[in-house]
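Trainee: Give me a 3D structure for the following:
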Amino acid sequence: MTTPYKDSGDTKKNQIEQMFDNIAPRYDFLNHFLSVGIDRLWRRKAISLLKKDSPQIILDVATGTGDFAIETARQLKAEKIYGIDISAGMIEIGRKKIRKLNLSNIVELSKGDSEDIKFDSYSVDAVTVAFGVRNFENLEKGLSEIFRVLKKGGKVVILEFSKPKRFPIRNVYKFYFKRILPFCGKIISKDNSAYTYLPNSVNNFPDGISFIEILEKCGFVETQIKPLTAGISTIYTGYKR
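Mentor: Below you'll find the model as predicted:
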């Protein structure tokens, strides 16, 4: 199991919570800086896949500072968007952003565990996760919880980093993820491990068809894969029927 702090001895879940609390003040800047802003485009493309479904109640799991939930509120005419994350530090920053944007009546963030979601079964129309599923301590348990809270006909949209397969993108990607990103992340975030964990967690994540197989094992049907930017990230979708 890939964890942020190898010598910690703590659970992955607790380490993830600690890591995101540590980097929360610089997280948004690093996201946009290290991805050269393309992460915004990826989010918009992922959210656009929900438009035809017109979901009214949306749950954003591993919401972080709420970027995905906020962009969803901008793009979709949803009644309510809930965001949960295990990091209190990330949630607090997200709440400030939401208040500043006057979206508090639509977007609501709270501390919550992706593997023990405090929502009733069959209670939400759609679930989104952006760059969060690889941080689940138990991937199948987290996906099964997402399946549980979805209504029949509900849709899941998952945006996650993946591993490019084609030369030369694959080689450039590996160099950037292994050398440039950890160095810059360490300097700016002041956390020695967070941006070393990122490439390691992406490398060990079962992306592509392997992830689709796990989604289907958890009950999702009509699953689809949409690679973005030569496979640097991927959107996965599925339904609960």
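Trainee: C-alpha coordinates for the longest helix anywhere in the chain, CSV please?
Mentor: In the chain, assigned by DSSP state H, the helix with the most residues is helix 12-34. Coordinates of each C-alpha in helix 12-34 appear next as CSV, following Å, rounded to 0.1, in the frame of the first residue of the first chain:
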residue,chain,number,x,y,z
LYS,A,12,-3.0,5.3,5.3
LYS,A,13,-6.2,7.2,6.1
ASN,A,14,-4.6,9.0,9.0
GLN,A,15,-1.5,9.8,7.0
ILE,A,16,-3.6,11.2,4.1
GLU,A,17,-5.5,13.4,6.6
GLN,A,18,-2.2,14.6,8.1
MET,A,19,-0.7,15.3,4.7
PHE,A,20,-3.6,17.3,3.4
ASP,A,21,-3.8,19.3,6.6
ASN,A,22,-0.1,20.1,6.2
ILE,A,23,-0.3,21.3,2.6
ALA,A,24,-3.8,22.9,2.7
PRO,A,25,-2.6,26.5,2.7
ARG,A,26,-0.6,26.0,-0.5
TYR,A,27,-2.7,23.3,-2.1
ASP,A,28,-4.7,25.4,-4.6
PHE,A,29,-1.6,27.3,-5.8
LEU,A,30,0.4,24.1,-6.2
ASN,A,31,-2.4,22.3,-8.1
HIS,A,32,-2.6,25.1,-10.7
PHE,A,33,1.1,25.8,-10.8
LEU,A,34,2.3,22.3,-11.2
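Trainee: neighbouring contacts of that helix?
Mentor: 1-5, 8, 10, 39-40, 64-65, 67, 85-90, 92-93, 113, 115, 135, 137, 181, 184-185, 188-191, 193-195, 197 (C-beta atoms under 8 Å, 6 or more residues apart in numbering). Backbone N, C-alpha and C define where each C-beta goes, glycine included.
Trainee: Which of the residues in it are classified as buried?
Mentor: Under the neighbour-count criterion of 16 or more other C-beta atoms under 10 Å, helix 12-34 has 12-13, 15-24, 26-28, 30-31, 34 buried.
Trainee: same check, this time on stretch 124-135
Mentor: By neighbour count with 16+ other C-beta under 10 Å, stretch 124-135 contains the buried residues 124-135.
Trainee: same check, this time on stretch 84-92
Mentor: Neighbour count says stretch 84-92 has 84-87, 89-91 buried, by 16+ other C-beta under 10 Å.
Trainee: mind saving the C-alpha coords of that stretch as CSV?
Mentor: Written as CSV, here are the backbone C-alpha positions of stretch 84-92 (Å, rounded to 0.1, in the frame of the first residue of the first chain):
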residue,chain,number,x,y,z
ILE,A,84,-16.9,15.7,2.1
ASP,A,85,-13.2,15.3,2.9
ILE,A,86,-11.2,13.8,5.8
SER,A,87,-9.0,16.9,6.0
ALA,A,88,-10.4,19.7,8.2
GLY,A,89,-7.7,22.0,6.9
MET,A,90,-8.8,21.6,3.3
ILE,A,91,-12.5,21.9,4.2
GLU,A,92,-11.9,25.2,6.1
